[in-house]
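Q: For reference, the sequence and a predicted model appear below.
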Amino acid sequence: MGKAAPRTPEEWADYCAQHITGGYVAGGDKAKLYLRGVKRAADLGVVGVWREGDIICDVGCGNGRLAFGLLGAPITYYGVDVTREAIAFCQKAFAGYLHLHFAHIDVRNPRYNPDGKIAPLHARLPWPAAFADVVVCSSLFTHLGPFAAALRYLTECARVLKGGGVLYATFFTAPPNKPTNRARRTVYPRAKVLEALARDFVVRSARGGESRRKSDQFVVIAERRPRRDLSITSRYAVQPALGSE
């Protein structure tokens with residue numbers, strides 16, 4: 001794990017407010033991003049999504065909302081996003097933390113990267129097969145557009161996860177919402193989401209997304225099926241999933 005000059009929570013809040021120039025920030029409050037990230041990482045640790053020694057891949061990492069909570073964690077973290085400004089911020093803000101890595105993927109998205117060179121159906125995550133212990137997709141599928149794009153990303157998540165690895169993902173689903181392919185707020189039929197997950201994953205926990213509230217997302221914790229016909233032990237105790245951001 002790398003060394004970097006420590007900042008207080010107040011200093012992080014000030015840094016975010018001054019230096020974030022692009023990418024989504026939940027609630028629009030840049031100053032609270034650090035505190036949200038610390039809470040989210042802690043909560044995911046409590047329910048067993050990640051543990052010491054893990055390789056964590058964060059798809060749609062934004063401005064480092066999860067990375068903030070993993071500054072001192074004994075893990076290795078890789079974050080990717082389609083928003084160049086967000087990745088530029090992360091690479092500067094977390095410079096010196098050698099266990100945190102960030103990369104831009106130039107996948108086209110109508111809202112976040114309209115000029116991207118890679119079509120969503122050809123998206124590929126920049127990691128080899130069976131690389132990660134954990135893949136986090138927090139508020140990724142809520143802005144992807146057509147369901148075919150979601151299928152592509154789920155296939156990629158399954159590819160890079162080790163057998164028995166954990167996928168944490170959130171969705172807006174119908175019901176209760178009306179299905180839509182808009183990137184601003186993408187809503188998929190819940191049955192189609194669960195059917196797609198069943199191809200490569202066993203869902204261990206799923207809850208939420210039962211109201212039309214803007215932030216109420218369907219939260220899934222799933223385990224990558226074994227890559228061979230071998231008996232494996234679940235790496236975490238099954239507990240209720242967390243609420244979304």
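A: Sure thing, it's come through.

Q: Apart from its neighbours in sequence, what residue is nearest the residue most central in space within the chain?
A: Centroid-nearest residue in the chain: Cys137, 2.6 Å away (criterion: CA atoms, centre = their mean). Nearest non-adjacent residue to Cys137, counting by CB to CB, 6 or more residues apart in numbering: Ala169, 4.1 Å away. Where C-beta positions appear, they are placed from N, C-alpha and C, glycine not excepted.

Q: Please list all residues in contact with that neighbour.
A: Going by CB atoms under 8 Å, 6 or more residues apart in numbering, Ala169 touches 136-138, 140-141, 157, 219-220, 222.

Q: Please tell me how far it sits from Val187.
A: Counting by CB to CB, to the nearest Å, the gap from Ala169 to Val187 is 15 Å.

Q: what mean pLDDT would you report for the top strand by length along the chain?
A: Across the chain, the longest stretch assigned as strand under DSSP state E is strand 161-174. What strand 161-174 shows for mean pLDDT is 97.

Q: Give the other helices and strands that the helix or strand following it contacts.
A: Using DSSP states H and E, the helix or strand that follows strand 161-174 towards the C-terminus is strand 187-189. Helices and strands touching strand 187-189, as assessed by 3 or more CB pairs under 8 Å, 6 or more residues apart in numbering; DSSP states H and E, comprise strand 161-174.

Q: quick one: buried residues of the strand it packs on?
A: 161-162, 164-174 (16 or more other CB atoms under 10 Å).

Q: next one: stretch 201-217
A: Applying 16+ other CB under 10 Å to stretch 201-217 flags 201, 203-206, 208-209, 216-217 as buried.

Q: What are the boundaries of the strands in this structure?
A: Counting by DSSP E, the segments of the chain that form strands are 55-59, 76-81, 100-104, 132-137, 161-174, 187-189, 201-208, 218-224.

Q: Find me the pLDDT at Pro226, would you?
A: 88.

Q: Oops, could you answer that again for Tyr236 instead?
A: As predicted, Tyr236 sits at a pLDDT of 50.

Q: where's the residue lying closest to Pro175 once chain neighbours are set aside relative to Ala196, distance?
A: Of all residues not flanking Pro175 in the chain, Arg190 sits nearest, at 7.2 Å (CB to CB, 6+ apart). Per CB to CB, Arg190 is found 11 Å from Ala196.
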